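Q: Sequence and predicted structure are below.
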Amino acid sequence: MTTLPDHESLDSALTDHDELLNNSDYLESFLDNLYLEQHVSDNTLSAYRSDLDKFCLFLEGQDLLTVTGQDIESYLAHRVDLGLKPRSTARSISALKRFYQYFVREKHISDSPMVNIAQPKAGLSLPKTLSESEVEALLAAPNTEEPMGLRDKAMLELLYATGLRVSELVGLRIEQINLRQAVVLVKGKGNKERLVPLGEEAMYWLEQFLKVGRAQMIKHATDFVFPSKRGVGMTRQTFWHRIKHYAILAAVESPLSPHTLRHAFATHLLNHGADLRVVQMMLGHSDLSTTQIYTHVANERLKSVHQQHHPRA
């Protein structure tokens with residue numbers, strides 16, 4: 001991370017235009033604070049950096065700490081002109097609010113230009129999921145006679161059985177798996193830990209891979225449960241490409257996203273009567289309202305089944 005100027009030198013720079021720090025310095029100071037003091041994830045840092053970089057481009061060199069509410073409104077209008085989605089703009093607003101709150105807190109500006117900026121109204125966006133038959137086809141696609149196919153089978157089964165995020169799955173280490181108790185210790189966002197049961201199918205294929213396939217794939221010592229074909233840790237992007245490959249083999253035509261099986265895990269549990277708070281715990285959601293989106297998915301599925309099969313629908 002970038003070495004930060006101390007508060008005294010930053011105060012001096014802000015009161016002397018000859019020594020004024022540039023926008024890049026402001027961004028690095030803010031992002032370093034998020035990383036060092038608030039311990040946000042690398043993915044969150046990357047998202048904040050991207051949103052703030054776009055704002056800087058719009059400002060065309062204007063000092064970030066001289067921005068007014070009117071400048072913010074102009075930027076939001078610019079995003080509308082570009083046809084950007086409300087959800088994307090809402091994320092950008094959140095990044096800007098947090099950025100200016102930091103500099104108010106550090107007493108480098110007296111007021112945030114975001115005070116009267118409201119979040120755009122976004123329609124309910126239901127997560128993409130798969131039917132149970134589509135999941136079965138996807139899980140059956142890997143060739144388990146080959147080490148890589150056995151690895152992918154174990155990964156897909158584990159993903160559907162536990163609802164892990166893809167980043168959590170590819171980052172799994174051997175010590176996080178407890179086959180005797182049939183649980184996995186997941187390290188999620190904000191380094192929060194949760195225990196998730198594995199289920200019989202996931203247990204079986206995970207054991208098969210650990211006993212047979214993994215040793216054939218490892219070329220260097222590693223504690224990653226699922227190594228890449230080079231024998232090291234796998235990236236999220238690599239596994240995402242593997243999912244798309246198996247979706248083609250299984251003739252799955254429903255839209256896919258990196259979290260499709262996570263969404264299917266939650267939706268199918270609720271369809272079969274699982275308690276919402278139990279699903280919340282397994283997904284690692286800190287807020288129940290985040291999990292409640294899956295009740296909407298389940299309800300939409302029920303409506304679809306009713307319309308398709310009821311004689312008076």
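A: Happy to help now that I have it.

Q: how close does F99 get to H108?
A: Distance, F99 to H108, by CB to CB, to the nearest Å: 11 Å. For the C-beta atoms, the positions are set from N, CA and C on the backbone; glycine is no exception.

Q: more crowded one of the two?
A: Comparing F99 with H108 by other CB atoms under 10 Å, the one with more neighbours is F99, at 24 against 19.

Q: Leaving out chain neighbours, which residue sits closest to that one?
A: With CB to CB, 6 or more residues apart in numbering as the measure, F30 is the residue that lies nearest to F99, at 5.4 Å, once sequence neighbours are left out.

Q: pretty sure that neighbour is touching Q101, no?
A: No: counting by CB atoms under 8 Å, F30 stays clear of Q101, with 9.7 Å between them.

Q: Comparing the two, which residue is more hemmed in?
A: F30 (23 against 13).

Q: Spit out the contact partners of that one.
A: Y48, L52, R98, F99, Y102, F103 (CB atoms under 8 Å, 6 or more residues apart in numbering).

Q: okay, it: pLDDT?
A: Here, the pLDDT recorded for F30 equals 92.

Q: Okay, strands next: where are they in the stretch 51-200 of the chain?
A: 177-178, 183-187, 193-197 (DSSP state E, counting those that start in this stretch).

Q: same question for stretch 161-169, mean pLDDT?
A: Average pLDDT, stretch 161-169: 90.

Q: Straight-line length of it, end to end?
A: One end of stretch 161-169 to the other measures 12 Å (CA to CA, to the nearest Å).

Q: got the contact list for it?
A: Contact with stretch 161-169 is made by 43, 155, 158-159, 172, 184, 186-188, 196-199, 201-202, 226, 236, 239-240, 258-259, 261-262, 265-266, 279, 282-284, as judged by CB under 8 Å, 6+ apart.

Q: May I see the ChimeraX selection of the buried members of these?
A: The following ChimeraX line selects those of the contacts of stretch 161-169 that are buried, judged by 16 or more other CB atoms under 10 Å:
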select :155,158,159,172,184,186,188,196,198,202,226,236,239,240,259,261,262,265,266,279,282,283,284
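
Q: rewinding a little: any chance of TSV for the contacts of F30, columns distance to E168 and pLDDT?
A: Below are the contacts of F30 laid out as TSV (distance: CB to CB, whole Å; pLDDT from 0 to 100):
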residue	distance to E168	pLDDT
Y48	21	91
L52	26	93
R98	24	92
F99	28	94
Y102	28	92
F103	33	93
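
Q: Let me have the residues you listed in TSV, extended by distance to V166.
A: Output for those, formatted as TSV (distance: CB to CB, whole Å):
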residue	distance to V166
Y48	21
L52	25
R98	25
F99	28
Y102	30
F103	34
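
Q: any idea which of those has the most stuff around it?
A: For the contacts of F30, neighbours were counted by other CB under 10 Å; the highest total belongs to F99, with 24 neighbours.

Q: That one reaches L52, doesn't it?
A: Yes: contact criterion CB under 8 Å: F99 and L52 qualify, at 6.2 Å.

Q: burial measure for N271, as a count.
A: 15.

Q: Could you do the one 5 residues further on as well?
A: Neighbouring residues of L276 were enumerated by other CB under 10 Å; the total is 15.

Q: quick one, what contacts the closest residue to it other than its chain neighbours?
A: Closest residue to L276 apart from its sequence neighbours, by CB to CB, 6+ apart: T291 at 6.0 Å. The contact partners of T291, taken as CB under 8 Å, 6+ apart, are A266, L276, R277, V279, Q280, L283, H285.
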